[in-house]
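Enquirer: Below is the structure, and that's it, no one-letter string:
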């Protein structure tokens, strides 16, 4: 805590110029640099806060994530699938590795804690998950998910794995000041030992995975 | 900025009571006129704003459905055989009483942020092989033995649980789909035309897989498929979230309530440019329904910063 006093007068003490000056200067300096230890609870009216003084909330709906196909990942969009499937991930278009579904920028992050919350719907084709005859270990088809902010992974999960489902990835950490680039990435499970990659009759690539209905929330907290 | 400009005492000055008092009076006067320039960085934090809704303006939570973890009394939502789908509100399965958040009175200002999260315990029920009459989803695999082609389902059929709000009045009789969430009540195309929604309008929904059919693990086959096997999916969670920054005409409106509605069964379909979920009435019927147990819905109205 800031020192409020330097040389408080005592009983029977003779007053001298140095003592008075020290005391006065201590009090003056405290006025020019008030900090939270000097301010009582509830001292201020919140209406006087400047915008984003303490925190900032960003939302990115589907359109803000991907204006061409709102809410959908379209980095892998195989349009050769059947008309009763989606144009999305097939094993003809995807082999392995992390792919960036969405990239957004959080403007005006002042430096501090950043929480990111990514939610949406998913699909993962699990027809061959058990492997025929159980000749091989099962290969459940999941979609691994991760969030990177300013190049650093804030959250990663093994991800949901079912024909149709939902997901939510939440992570936080301390992030420097500036406009923060956020990448939302996914990694479908690669093909298994028994996978049929095409419809036997139409020879169309089989739909394997997709992310849709995606949205992102960010909360920056600083003081 | 509140500053003190009184000159200091110097050696040789007469030490008078009046001079000392004046010096301290200057300090007292300056203290009464402090402004932002007197504050250090990080001088003000939440404690100094105690009692003010700086971050969260309003928040609420409601228990949805009924039955608890034993699923003793649950709600049955039938599948649709003639479109568009009838959307059933999540209710107490025993009494039929709606379970919804509200009435509340949450005024929305420009740039405020609405956050809603929910979870529900659900059990998709089916009998036999409803996919044998599906309109969508036929998938053909090279099969062991004769016939050489196995036609089955891709198992992409889903139930939809979507979010609605009432921003009209506290009677909670004017429910509408939240922004960027479609109602699945419009003909969009599909085989013979059907009701559905473009995937660019599904921002506030959960999906529940209607069934799961697998290549039979008990059959040898190498790169071929033997038979198929399907399993009851049992009770499972359906979670969802919706984030929204208030803008345009919605600024100045008031939130009175939130609820979830359930409908199905839908399947993927696409045009050359867009992906859709469309109603598959071929798999609907009395034996295909969704059991809805209990869950929670939490909503927050936040200041943007």
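Expert: Received the coordinates, thanks. Quick caveat, the model's predicted, so the values are computed rather than measured.

Enquirer: Do you know the pLDDT at residue 3?
Expert: Using chain A. What the model reports as pLDDT for residue A:3 is 54.

Enquirer: hm, I was asking about chain B
Expert: 76.

Enquirer: tell me, how many neighbours does it end up with?
Expert: For residue B:3, the count of nearby residues is 12 (other Cβ atoms under 10 Å in any protein chain shown). From N, CA and C alone the C-beta is placed, and that goes for glycine too.

Enquirer: How about the one 4 residues further on?
Expert: By other Cβ under 10 Å, 7 other residues sit near residue B:7.

Enquirer: Tell me how far it lies from residue B:246.
Expert: Taking Cβ to Cβ, to the nearest Å as the measure, residue B:7 falls 55 Å from residue B:246.

Enquirer: With residue B:131 instead?
Expert: As for residue B:131, its distance to residue B:246 is 43 Å (criterion: Cβ to Cβ).

Enquirer: These two: which is more packed in?
Expert: Higher neighbour count among residue B:131 and residue B:246: residue B:131, with 26 against 21, using other Cβ under 10 Å.

Enquirer: Over to that one. Which of the three states is it?
Expert: helix (DSSP: H, G, I helix; E, B strand; the rest coil).

Enquirer: Could you point out the longest helix of chain A?
Expert: helix A:17-32 (DSSP state H).

Enquirer: What is that helix packed up against?
Expert: helix B:17-31 (3 or more Cβ pairs under 8 Å, 6 or more residues apart in numbering or on different chains; DSSP states H and E).

Enquirer: Could you chop chain B up by domain?
Expert: B:1-48, B:53-304 (automatic domain parsing).

Enquirer: Could you identify which of the ones you listed is most buried?
Expert: Comparing the domains of chain B by mean neighbour count (mean count of other Cβ atoms under 10 Å in any protein chain shown), domain B:53-304 comes out on top with a mean of 19.

Enquirer: Can you get me the start-to-end distance on that one?
Expert: In domain B:53-304, first residue to last residue: 12 Å (Cα to Cα, to the nearest Å).

Enquirer: mind checking how far that domain is from the chain centre?
Expert: Mean-position distance between domain B:53-304 and its chain equals 11 Å (Cα atoms, centre = their mean, to the nearest Å).

Enquirer: quick one: average confidence on it?
Expert: On average, domain B:53-304 scores 93.

Enquirer: Skip the chain neighbours and tell me the closest residue to residue B:175.
Expert: Among residues not flanking residue B:175 along the chain, residue B:164 sits closest, at 4.5 Å (Cβ to Cβ, 6 or more residues apart in numbering or on different chains).

Enquirer: Surely that neighbour touches residue B:176?
Expert: Yes - under the criterion of Cβ atoms under 8 Å, residue B:164 makes contact with residue B:176 at 6.1 Å.

Enquirer: follow-up on the earlier one: distance to residue A:95 added to the domains of chain B, as CSV?
Expert: Output for the domains of chain B, formatted as CSV (distance: least, Cβ to Cβ, whole Å):
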stretch, distance to residue A:95
domain B:1-48, 49
domain B:53-304, 18
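
Enquirer: Compute the inter-axis angle for the lowest-mean-pLDDT helix or strand in chain A and helix B:17-31.
Expert: Lowest by mean pLDDT, DSSP states H and E among the helices and strands of chain A is helix A:17-32, with a mean of 76. When axes from the mean of the first three to the mean of the last three Cα atoms, to 10 degrees is applied, the directions of helix A:17-32 and helix B:17-31 differ by 10 degrees.

Enquirer: Let me know the next secondary structure element after helix A:17-32.
Expert: Under the assignment DSSP states H and E, the closest C-terminal helix or strand after helix A:17-32 is strand A:55-60.

Enquirer: Give me the contacts around that following strand.
Expert: A:102, A:104, A:106, A:108-110, A:215-222, B:54-55, B:113, B:243-245, B:302-305 (Cβ atoms under 8 Å, 6 or more residues apart in numbering or on different chains).

Enquirer: Who's the closest spatial neighbour of residue B:286, skipping the chain neighbours?
Expert: residue B:78 is the one closest to residue B:286 (Cβ to Cβ, 6+ apart), at 7.1 Å.

Enquirer: so who does that neighbour touch?
Expert: B:86, B:88, B:284, B:286, B:288-289.

Enquirer: Likewise for residue B:76?
Expert: Going by Cβ under 8 Å, 6+ apart, residue B:76 touches B:93, B:289-292.

Enquirer: Look up the residues forming beta bridges with it.
Expert: residue B:291 (DSSP bridges).

Enquirer: Residue B:143 and residue B:166, how far apart?
Expert: Taking Cβ to Cβ as the measure, residue B:143 falls 52 Å from residue B:166.
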